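S.K.: Sequence and predicted structure are below.
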Amino acid sequence: MSDVRVRFAPSPTGVLHLGGARTALFNYLFARHNRGKFLLRIEDTDKERSTDESTQAIISAMNWMGMHHDEDIVVQTTRIDAHRAALHKLIDNGHVYRCTCRPEERAAEREAALAAGKTFIHRCDCRDGQCRPDAPFVWRFRMPREGETVFDDLVQGHIVTANAEIEDLVIARQDGSPLYNFVVVIDDAFMGITHVIRGKDHLTNTPKQIQIYRALGLPVPQFAHLPLILGLSKRLRSAGVEHYRDQGYLPEGLINYISRLGWSHGDQEIFDYEEIIEKFDLASVNRSEGALDLQKMEWVNQQHIQKCDGARLAELVLPFLSREGVAVAPDDPRLRPAVETMRARAKTLVEMAQNMKFYFIADEGLPLDGDAVAKFFTDTTCPLLHQMADVLTAVGEWKEEAISAAVHGFIESTGLKLKDVAQPARTALVGRAAGPGLYETMAVLGRESTLARLRRAAPGLC
RNA sequence: GGCCCCGUCGUCUAGCGGUUAGGACACCGGCCUUUCACGCCGGCGGCACGGGUUCGAGUCCCGUCGGGGUCACCA
């Protein structure tokens, strides 16, 4: 047991997209690796955009990925009293001042400065107490003007920021409500966070927050800023975790891929969950951002499909089968063996369901691929398939070995080669020219369906 | 534009002063094979550029170029 405490702090304003999922994951991995705590905080201070549905969606996505948080969820809006108390503390010790500058004026100045190629940093006389007496005001934090703020980021390294470049940021609005850079400090301190692991887009917030920690007399945590995910369309990048779930990814496949994006352990590509936890290390996290590669993501997923426990895989593929329009009972005896024949042939559960649905479709309703029929259902092959069916009626126990023996016997009696009948037979059984091995297909299909499908073969049938 | 970060095959990466620059995905061949896959073997392909430092630089320093982030009374 260590004292490591980390948190994932999403705003409930949408789905959990891949970037957020990876931030959560790295926090989770770091916590578990160090036997520390992984906490969840909902940053809902933006009331306009925050929704309960969003909170639920994020939690459910995290659960699907197996990231379960410790302790109670902290909801930021319930912490308003603590935020107010902290503000008063800063007022009392002189770290903040009232500013009556009007935002519209400032915005204009900012744009002018930007257009002129200069840095705009808010500077006004309010800092020296020269405010308009009865005007509405915000609270600004009094940043030091001299020196620099330094911290050692666990990923990004030694980060130095000149204090003169840090603005006196607003920490409370005119209506008194506190702003992000202020509350995040208070709440992280309250939750006892030891390591703040977040996206690199927060890097420039960090020196501001460090100054606030100091002004409040709070211990400054360690920081680790993760490289962002690039590549792919904005749409795909911002797609939620559930989108990938619906595309047929296994949670461990998604986790494996996402964790390897920016982190590595030598040359190893495939990790199961426990292994990542065991080997995860912030020091091995890259500084440069990486791009999503769907093809590799699918390959990683395929590797996990191959490793997946059969019973679990069968259970996972069921909803995808029903989405394909075939209702299969969970206890259907064909399900498990069917899954085994598809395991090496599917990158996703969607693909698996599409490729294995032929097993469960009524024999007379099996759709046949036109090209395959044209090529393999001929005047010579179809009679052979019917004869093969007759031979197969004599098979005793309907098992792969017995079927194989029977088919081979039939082949020899006709003086043909297996390849002369294999593809026609596959077309009859599967509906197209690609599929699992002939005998295993027949074994899973059962005697009745096998015979019916073989006997149905006729030139031009579609 | 200011400030900050980054820059090894198309992509993800190993490398932490001396390597024929390694692996993975993708791609192209081949093997296996009743098809499709899986698997196996082989190939293609990279240190952004320019200066230094050093006996020696992908590795260290500077510059250039390129990419990203950030500059709210959002989070």
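M.R.: Here it is on my side, so go on. Residues are numbered from 1 along each chain as shown, chains lettered A, B, ... in the order given.
S.K.: can you list the weak-confidence ranges in the stretch 51-200 of chain A?
M.R.: Within the stretch 51-200 of chain A, the segments meeting pLDDT under 70 span A:117.
S.K.: residues in it within reach of RNA strand B, list them.
M.R.: Contact residues (C-beta under 7 Å from any atom of the strand) of the stretch 51-200 of chain A with RNA strand B: A:76, A:101-103, A:106, A:110, A:114, A:117-122, A:136, A:138, A:156-157, A:159-162, A:165, A:167, A:169-170, A:173-175, A:179-181, A:200. From N, CA and C alone the C-beta is placed, and that goes for glycine too.
S.K.: So among the residues you listed, which ones count as buried?
M.R.: With burial judged by 16 or more other C-beta atoms under 10 Å, the buried subset of those is A:76, A:101, A:122, A:138, A:156, A:159, A:161, A:169-170, A:179-181, A:200.
S.K.: In helices, which of the residues you listed fall?
M.R.: Judged by DSSP state H, those include A:Tyr180, A:Asn181 as members of helices.
S.K.: In the buried ones among the residues of the stretch 51-200 of chain A next to RNA strand B, find the pair that's most separated.
M.R.: Greatest spatial distance among these (C-beta to C-beta): A:Cys101 and A:Gln156, at 33.2 Å.
S.K.: Off-centre distance for stretch A:32-43?
M.R.: Distance of stretch A:32-43 from its chain centroid, counting by C-alpha atoms, centre = their mean, to the nearest Å, is 18 Å.
S.K.: actually stretch A:169-176, not the one I typed
M.R.: Relative to its chain's centre, stretch A:169-176 lies at 35 Å (C-alpha atoms, centre = their mean).
S.K.: all helices of the stretch 51-200 of chain A, in order?
M.R.: A:52-64, A:80-92, A:103-115, A:180-190 (DSSP state H, counting those that start in this stretch).
S.K.: Which strands and helices lie in contact with the third one?
M.R.: If contacts are counted by 3 or more C-beta pairs under 8 Å, 6 or more residues apart in numbering; DSSP states H and E, helix A:103-115 sits against no helix or strand.
S.K.: what does that helix contact?
M.R.: Here helix A:103-115 makes contact (C-beta atoms under 8 Å, 6 or more residues apart in numbering) with A:Thr119, A:Phe120, A:His122.
S.K.: What about the buried ones among the residues of the stretch 51-200 of chain A next to RNA strand B, which are in strands?
M.R.: Among those, DSSP state E puts A:Val138, A:Ile159, A:Thr161, A:Val170 in strands.
S.K.: and which of these is nearest A:Lys417?
M.R.: So of these, ranked by how close each gets to A:Lys417 (C-beta to C-beta), first place is A:Ile159, at 70.6 Å.
S.K.: and that closest one, what does it touch?
M.R.: Counting by C-beta under 8 Å, 6+ apart, A:Ile159 makes contact with A:Val150, A:Phe151, A:Asp152, A:Asp153, A:Leu203, A:Thr206, A:Pro207.
S.K.: So A:Asn286 sits against A:Trp263, correct?
M.R.: Yes: here A:Asn286 reaches A:Trp263: they are 6.9 Å apart, a contact under C-beta atoms under 8 Å.
S.K.: So if I had to pick from those two, which one is more boxed in?
M.R.: Each of A:Asn286 and A:Trp263 has its neighbours counted (other C-beta atoms under 10 Å); A:Trp263 has more, 24 against 13.
S.K.: how close does the more buried one sit to A:Pro333?
M.R.: Per C-beta to C-beta, to the nearest Å, A:Trp263 is found 43 Å from A:Pro333.
S.K.: Span of stretch A:194-214 from start to end?
M.R.: End-to-end span of stretch A:194-214 (C-alpha to C-alpha, to the nearest Å): 15 Å.
S.K.: distance between that stretch and the chain's centre?
M.R.: Taking C-alpha atoms, centre = their mean, the mean C-alpha location of stretch A:194-214 is offset from the chain mean by 25 Å.
S.K.: Only the buried residues of that stretch, if you could.
M.R.: Across stretch A:194-214, burial judged by 16+ other C-beta under 10 Å covers A:194-200, A:202-203, A:206-213.
S.K.: Which of the residues you listed fall in strands?
M.R.: Counting by DSSP E, the buried residues of stretch A:194-214 place A:His195, A:Val196, A:Ile197, A:Arg198, A:Gly199 in strands.
S.K.: With distance to A:His95 as extra columns, can I get the residues you listed in TSV?
M.R.: Listed next are these as TSV, based on distance: C-beta to C-beta, whole Å:
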residue	distance to A:His95
A:His195	25
A:Val196	21
A:Ile197	27
A:Arg198	24
A:Gly199	27
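S.K.: And the furthest pair within the residues you listed?
M.R.: Farthest-apart pair in these is A:His195 and A:Gly199; separation 14.4 Å (C-beta to C-beta).
S.K.: Now for A:Glu401, how many residues are close by?
M.R.: A:Glu401: 10 surrounding residues under other C-beta under 10 Å.
S.K.: Alpha carbons of the strand or helix carrying A:Gly409, in CSV - could you do that?
M.R.: Assigned by DSSP states H and E, A:Gly409 belongs to helix A:400-414. The C-alpha trace of helix A:400-414 is given here as CSV (Å, rounded to 0.1, in the frame of the first residue of the first chain):
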residue,chain,number,x,y,z
GLU,A,400,-15.3,-33.8,-37.5
GLU,A,401,-13.1,-36.9,-37.9
ALA,A,402,-15.9,-39.1,-39.1
ILE,A,403,-17.1,-36.5,-41.5
SER,A,404,-13.6,-36.1,-42.8
ALA,A,405,-13.3,-39.8,-43.3
ALA,A,406,-16.6,-40.1,-45.1
VAL,A,407,-15.8,-37.2,-47.5
HIS,A,408,-12.4,-38.7,-48.2
GLY,A,409,-14.0,-42.0,-48.9
PHE,A,410,-16.4,-40.4,-51.3
ILE,A,411,-13.6,-38.5,-53.1
GLU,A,412,-11.6,-41.7,-53.6
SER,A,413,-14.6,-43.6,-55.0
THR,A,414,-15.1,-40.9,-57.6
